[in-house]
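Asks: Okay, here's the prediction I keep looking at, along with the sequence it came from:
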Amino acid sequence: MVNPIPEDLDALLDRGNTLLAEGAAEAAVAVFDEAVALCRVLVEETILPGVALVRAIGRHAMALSASGESAEAVKVAREGSELTGQLYGRESDFTTVDMVLVEVNFARLLAADGQGDEALRYAYYALQNLNDLTPTDPARYLAWRAALLRDVAEVSPEADEPDLAEVDVRRDLVETCRALLDLHPEDADARGELADALLLLARTADGDVAQAREAVTLRLADPHGTDGANALARALALLAELLGDEGRDDEADELITEAATHLDEPWRSGLPVLVLVWQWVSAPTFRAEQDVVEYHDVLLEPASDGMVDAALEELAQSEANRLRALRAASREVGAAEAYARRAADPLGFLVTFA
């Protein structure tokens, strides 16, 4: 491009953002790649400040992540992070907000790429800086905080003493989501995000029945349709598991029966099965999955097909296919044999029972 001007960069960034919003991540990557190249020229010619390049690199990294290229996204974002260190305090246009946004997004990208220790390290500093920013615009910066915490809440650090402990991250996420709901008490999305955060915390060693019960209560505010029924069933599945651990299975059954009265058909009559499906889907090990199927023959009955399909449609296709194959095999040879065959030859098993 001959004699590029800032308006050319604006046009590219607008086009890339539009493509991302439309779900065309791969096309957006190409546009942002062009935008970064153009921005480098504008910065080198001192037409734009260096912070413009940081922002363009950030958009490029997010598009790469959205397109499934997590490792490349981290590589690009690392350049932005390093540039941030060079510019902060030296360039008047580079603000604390710019620095925090880079930290937040870099931590999220590292988490997505499985680099847990480094993700937690950047998250730690981002959270400290967000503490200072939040009073100036609570809705904005609490949303940033929640997005960051959600992405690092399930990372697997390798360090003996990570910068942030899993339980602390999940507690912080609950309190952040609670604060967002306080700001927007009628927002169904805010209720759902708090419910999901409570379920994450309930799965830790510090988790308890009260957290899962509150998540169920929140989900009962929006129980309609496939999405609402699945969200409610997920919460009930964990609550039933925790109650079962305390020998309170009858109480769990009563809660599921009562919750079903809030639903329309087919979810009202299908909720007990849908809860079982989510107990199966969310089981932490293959052995635990097998136990759910072995102890609940109803999951294999043709009458349960609708509830099983409703839950599996929410999963990634590869995971849904794995579970469908296991269900088909369990119908044919029993759950124990199905899981044994799958363990012995995963690919052959999938081909046989797909």
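Replies: That came in fine, so what should we check first?

Asks: where along this structure do the strands fall?
Replies: Ranges of strands within the chain: none, based on DSSP state E.

Asks: Can you tell me how far the closest residue to residue 172 other than its chain neighbours is from residue 108?
Replies: Distances taken as Cβ to Cβ, 6 or more residues apart in numbering place residue 149 nearest to residue 172, at 5.7 Å, with adjacent residues excluded. Bear in mind the C-beta positions are built from the backbone N, C-alpha and C, glycine included. From residue 149 across to residue 108, the span is 10 Å (Cβ to Cβ, to the nearest Å).

Asks: Against residue 318, how distant is residue 340?
Replies: From residue 340 to residue 318 the distance is 21 Å (Cβ to Cβ).

Asks: One more: residue 33?
Replies: Using Cβ to Cβ, residue 33 is found at 29 Å from residue 318.

Asks: What about the nearest residue to residue 261 once chain neighbours are set aside, how many residues nearby?
Replies: The spatially closest residue to residue 261, leaving aside those adjacent along the chain, is residue 268, at 7.1 Å (Cβ to Cβ, 6+ apart). Neighbours of residue 268 under the rule other Cβ atoms under 10 Å: 14.

Asks: So residue 268 versus residue 274, what's the distance?
Replies: Distance of residue 268 to residue 274, given as Cβ to Cβ: 11 Å.

Asks: same check, this time on residue 228
Replies: 11 Å.

Asks: Compare the two and say which one has the larger neighbour count.
Replies: Comparing residue 228 with residue 274 by other Cβ under 10 Å, the one with more neighbours is residue 274, at 28 against 20.

Asks: thinking again about what came up before, pick out whichever of residue 33 and residue 318 has more residues nearby.
Replies: A count of neighbours by other Cβ under 10 Å puts residue 33 above the other of residue 33 and residue 318, at 17 against 8.

Asks: Quick one, grab the pLDDT at the nearest residue to that one once chain neighbours are set aside.
Replies: Using Cβ to Cβ, 6+ apart and skipping residues adjacent in sequence, the residue nearest residue 33 is residue 60, 6.2 Å away. You'll see residue 60 listed with a pLDDT of 96.

Asks: Would you confirm that residue 60 contacts residue 29?
Replies: Yes. The criterion here is Cβ atoms under 8 Å, and residue 60 meets it with residue 29 at 7.2 Å.

Asks: got the contact list for residue 62?
Replies: 20, 73, 105, 109 (Cβ atoms under 8 Å, 6 or more residues apart in numbering).

Asks: Show me which of those residues is closest to residue 232.
Replies: The shortest approach to residue 232 among the contacts of residue 62 belongs to residue 20, at 31.2 Å (Cβ to Cβ).

Asks: For that closest one, give its distance to residue 59.
Replies: Applying Cβ to Cβ to residue 20 and residue 59 gives a distance of 8 Å.

Asks: got it, and residue 302?
Replies: Distance from residue 302 to residue 59, by Cβ to Cβ: 49 Å.

Asks: With neighbour numbers in mind, choose between these two.
Replies: Remark: of residue 302 and residue 59, residue 59 carries more neighbours, 23 against 7, as counted by other Cβ under 10 Å.

Asks: surely the more buried one meets residue 14?
Replies: No. At 10.7 Å, residue 59 and residue 14 do not qualify as touching, with contact defined as Cβ under 8 Å.

Asks: what's in contact with the lowest-mean-pLDDT helix or strand in the chain?
Replies: Scoring the helices and strands of the chain by mean pLDDT, DSSP states H and E places helix 346-353 at the bottom, with a mean of 88. Around helix 346-353, the neighbours that count as contacts under Cβ under 8 Å, 6+ apart are 321, 322, 325, 326, 328, 329, 332, 338, 341, 342.

Asks: These in helices, which ones?
Replies: Of these, the ones assigned to helices by DSSP state H are 321, 322, 325, 326, 328, 329, 332, 338, 341, 342.

Asks: Can I have the buried ones of the residues you listed as a PyMOL selection?
Replies: The following PyMOL line selects those of the ones in helices among the contacts of helix 346-353 that are buried, judged by 16 or more other Cβ atoms under 10 Å:
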select buried, resi 322+325+326+329+338+341+342
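
Asks: now, which of the ones in helices among the contacts of helix 346-353 sits nearest residue 165?
Replies: Nearest to residue 165 out of the ones in helices among the contacts of helix 346-353 is residue 322 (Cβ to Cβ; 31.5 Å).

Asks: pLDDT at the closest one, what is it?
Replies: At residue 322 the predicted local confidence, pLDDT, stands at 93.

Asks: Isn't residue 208 up against residue 214?
Replies: No. Under the criterion of Cβ under 8 Å, residue 208 is not in contact with residue 214, lying 10.3 Å apart.

Asks: Between those two, tell me which one has more neighbours.
Replies: residue 214 (19 against 12).

Asks: Report the contact partners of the closest residue to that one other than its chain neighbours.
Replies: Nearest residue to residue 214, sequence neighbours excluded (Cβ to Cβ, 6+ apart): residue 198, at 5.5 Å. Residue 198 makes contacts with 174, 211, 212, 214, 215, 218, as judged by Cβ under 8 Å, 6+ apart.
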